[in-house]
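**Student:** Give me a model of this one.
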Amino acid sequence: MRDAGLPPTLNPYSRWDAPRAWVLWRQGWHLGEAERADADVEPLTVCDDCATCIGEDRDPEERPGLRALLAARWPGCDLMLIVEELDAAPDDATEDIPLPIAEQPCQGCGATTPGPRRLVVAHRRPSTPSSAGPPRTPVGLVPLTDILTTLPVLRRGDAAAPTAAGPHPEAAALRRFEERLLAATAGDRSCGQLIMLTGRSGSGRTSLALQLAAATARRAGTVAWFSHQAAAPKVALHLLASQSGLAIQDLQGEAAVPGARDAVRALAGLPLRIDDEPELAVVTVQQRCLALAGVASLALVVIDCVELMQRRRPAPSFQAALIPVMHELRTMAQTLGVRVLILGTLSRQHPVDQRDRPQTDPAQLDPQGICDRVLLLYRVEQAARLLPVWPAAPAIGLRFDPVRLRFDERGAAEP
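**Tutor:** Residues are numbered from 1 along each chain as shown. Below you'll find the predicted structure:
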């Protein structure tokens, strides 16, 4: 949570703090301070009747017409009930934990009767003007070259548009490693696959996926990267550090960095496009990929990350809501005839030591057996291993470079 920019007082393992942390993330706490003005989510506390109406999408028997009242009070908003998933099984829960009685009126229907309050978020639709700022205009898949020219590292001196150039000679070993890594993770069948790369938060899934995307773009064709948790310039900066060998801390500053312009020119010809519109539905992703495939040879689609995609509601649990999304993504991969790489996060039930090995049972990582391939990234400090869980294959030893945010095989050790 600290890396995401959330207040350090929040405990992500607390069942009471977790919903609040999620709301803060949706409000833009993971973004820069200037970008939070475009936040479009507001947390609400509502009565039991409103919670039932929102969670079950129906009027309570004793309050007919409540849905219409909520729609009138919150026009242009989608209301979502935050449901806490307890670690214990339903049979183990012997009694409900009583909610505190609140004196404040219900923010949903306006009822003034004191009673327990539940957490709801009001998500303004993109077409609805927000008091916090104008709605963001979707721009779709933007070429990497256009994003690179906007990076602050190029603002001092000559910021001419980059032109295509070959890779830096010092990066030849990294290129060969990424090619071997791509061959080992893609499998025999390159088209129409749904591949899941999962791991604990902070294990380096985005870094590894960017390396796979760069290798695919150099060898096979255009890559479409859909980022649901980072802005396009941040993704481009991450890729620039990974592929150039320059320190990410230097690239994030305003000062000129020696070699930065040459690194940008080397990446300019890479056929990679980035879409950072949050919470896209699968049908929207497919439409944009089809449009891109009409003008370029699409080779790979990356979703970072699948848990933040738009889901159908209501659902009995968060994981249950992801199942139809995963099925739709697999259908999309087969329709497009390309590999679709989705980044997921291992479910966190209890605070664990990061040195503990994660679960490698395919039935736990992909209970429905939807994915064609399941990869698990496990990292302790700089030592890492990529485990092909399904189909099972030998693990790949990796070493993580925290300065350049990339993996290589030099000095790989058992984590």
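
**Student:** in this structure, which spans are helices?
**Tutor:** Counting by DSSP state H, the segments of the chain that form helices are 17-24, 48-56, 66-73, 144-148, 172-186, 205-219, 232-244, 248-251, 260-268, 282-293, 318-336, 362-365.

**Student:** will you turn those into JSON lines that also has distance to residue 402 and mean neighbour count?
**Tutor:** In this view, the C-beta of every residue, glycine as well, is placed from N, C-alpha and C. Shown next, in JSON lines, are the helices of the chain (distance: least, Cβ to Cβ, whole Å; neighbours: other Cβ atoms under 10 Å):
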{"stretch": "helix 17-24", "distance to residue 402": "24", "mean neighbour count": "18"}
{"stretch": "helix 48-56", "distance to residue 402": "42", "mean neighbour count": "20"}
{"stretch": "helix 66-73", "distance to residue 402": "47", "mean neighbour count": "15"}
{"stretch": "helix 144-148", "distance to residue 402": "23", "mean neighbour count": "21"}
{"stretch": "helix 172-186", "distance to residue 402": "16", "mean neighbour count": "17"}
{"stretch": "helix 205-219", "distance to residue 402": "10", "mean neighbour count": "23"}
{"stretch": "helix 232-244", "distance to residue 402": "11", "mean neighbour count": "23"}
{"stretch": "helix 248-251", "distance to residue 402": "9", "mean neighbour count": "16"}
{"stretch": "helix 260-268", "distance to residue 402": "19", "mean neighbour count": "20"}
{"stretch": "helix 282-293", "distance to residue 402": "31", "mean neighbour count": "18"}
{"stretch": "helix 318-336", "distance to residue 402": "30", "mean neighbour count": "17"}
{"stretch": "helix 362-365", "distance to residue 402": "26", "mean neighbour count": "14"}
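
**Student:** Return the member of those helices having the minimum mean pLDDT.
**Tutor:** Lowest mean pLDDT of those: helix 17-24, a mean of 47.

**Student:** Would you reformat the helices of the chain as TSV and include distance to residue 343?
**Tutor:** Formatted as TSV, these follow (distance: least, Cβ to Cβ, whole Å):
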stretch	distance to residue 343
helix 17-24	18
helix 48-56	29
helix 66-73	35
helix 144-148	19
helix 172-186	13
helix 205-219	5
helix 232-244	12
helix 248-251	19
helix 260-268	21
helix 282-293	14
helix 318-336	12
helix 362-365	13
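
**Student:** Would you mind telling me which of those is nearest residue 116?
**Tutor:** Closest approach to residue 116 among those is made by helix 48-56 (6.3 Å; Cβ to Cβ).

**Student:** Return the angle between stretch directions for the closest one and helix 66-73.
**Tutor:** Comparing the axes of helix 48-56 and helix 66-73 via axes from the mean of the first three to the mean of the last three Cα atoms, to 10 degrees yields an angle of 90 degrees.

**Student:** what's helix 48-56 packed up against?
**Tutor:** Applying 3 or more Cβ pairs under 8 Å, 6 or more residues apart in numbering; DSSP states H and E, we find helix 48-56 packed against helix 66-73, strand 77-81, strand 118-124.

**Student:** and it, C-alpha only, in CSV?
**Tutor:** Extracted C-alpha coordinates of helix 48-56, given in CSV (Å, rounded to 0.1, in the frame of the first residue of the first chain):
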residue,chain,number,x,y,z
ASP,A,48,-29.6,-1.5,5.5
ASP,A,49,-32.4,-0.9,3.0
CYS,A,50,-30.2,1.0,0.6
ALA,A,51,-27.5,-1.7,1.0
THR,A,52,-30.0,-4.4,0.1
CYS,A,53,-31.4,-2.4,-2.9
ILE,A,54,-27.9,-1.8,-4.3
GLY,A,55,-26.4,-5.2,-3.6
GLU,A,56,-29.4,-7.2,-4.9
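
**Student:** and the angle for that helix with strand 118-124?
**Tutor:** 60 degrees.

**Student:** Buried ones in stretch 369-377, by neighbour count?
**Tutor:** 370, 371, 372, 373, 374, 375, 376, 377 (16 or more other Cβ atoms under 10 Å).

**Student:** what is the mean pLDDT for it?
**Tutor:** 91.

**Student:** start to end distance for it?
**Tutor:** The straight-line separation of the ends of stretch 369-377 (Cα to Cα, to the nearest Å) is 19 Å.

**Student:** Would you agree residue 209 is in contact with residue 306?
**Tutor:** No: assessed by Cβ atoms under 8 Å, residue 209 is found out of contact with residue 306, at 11.9 Å.

**Student:** Overlap in contacts, these two.
**Tutor:** residue 343 (Cβ atoms under 8 Å, 6 or more residues apart in numbering).

**Student:** about what we covered before: go through the buried residues of stretch 369-377 and name the one nearest residue 260.
**Tutor:** Among the buried residues of stretch 369-377, and counting by Cβ to Cβ, the member closest to residue 260 is residue 377, at 28.5 Å.

**Student:** quick one: contacts for the closest residue to that closest one other than its chain neighbours?
**Tutor:** In this structure, residue 377 finds its nearest non-sequential neighbour in residue 199, 3.7 Å apart by Cβ to Cβ, 6 or more residues apart in numbering. Contacts for residue 199 (Cβ under 8 Å, 6+ apart) come out as 205, 345, 346, 358, 376, 377, 378, 379.

**Student:** And for residue 198?
**Tutor:** Taking Cβ under 8 Å, 6+ apart as the test, what residue 198 contacts is 205, 343, 344, 345, 346, 365, 374, 375, 376, 377.

**Student:** Looking at those, which is nearest residue 395?
**Tutor:** Residue 395 has its nearest neighbour among the contacts of residue 198 in residue 376, at 9.2 Å by Cβ to Cβ.

**Student:** show me the contacts for that closest one.
**Tutor:** 198, 199, 358, 360, 365, 386, 387, 389.

**Student:** Need the worst-confidence member of the residues you listed.
**Tutor:** Within those, residue 358 has the lowest pLDDT, namely 68.

**Student:** What separation do you get for the nearest residue to residue 241 once chain neighbours are set aside and residue 404?
**Tutor:** Closest residue to residue 241 apart from its sequence neighbours, by Cβ to Cβ, 6+ apart: residue 248 at 4.2 Å. With the distance defined as Cβ to Cβ, to the nearest Å, residue 248 ends up 7 Å from residue 404.

**Student:** same check, this time on residue 285
**Tutor:** Taking Cβ to Cβ, one finds residue 285 at 29 Å from residue 404.
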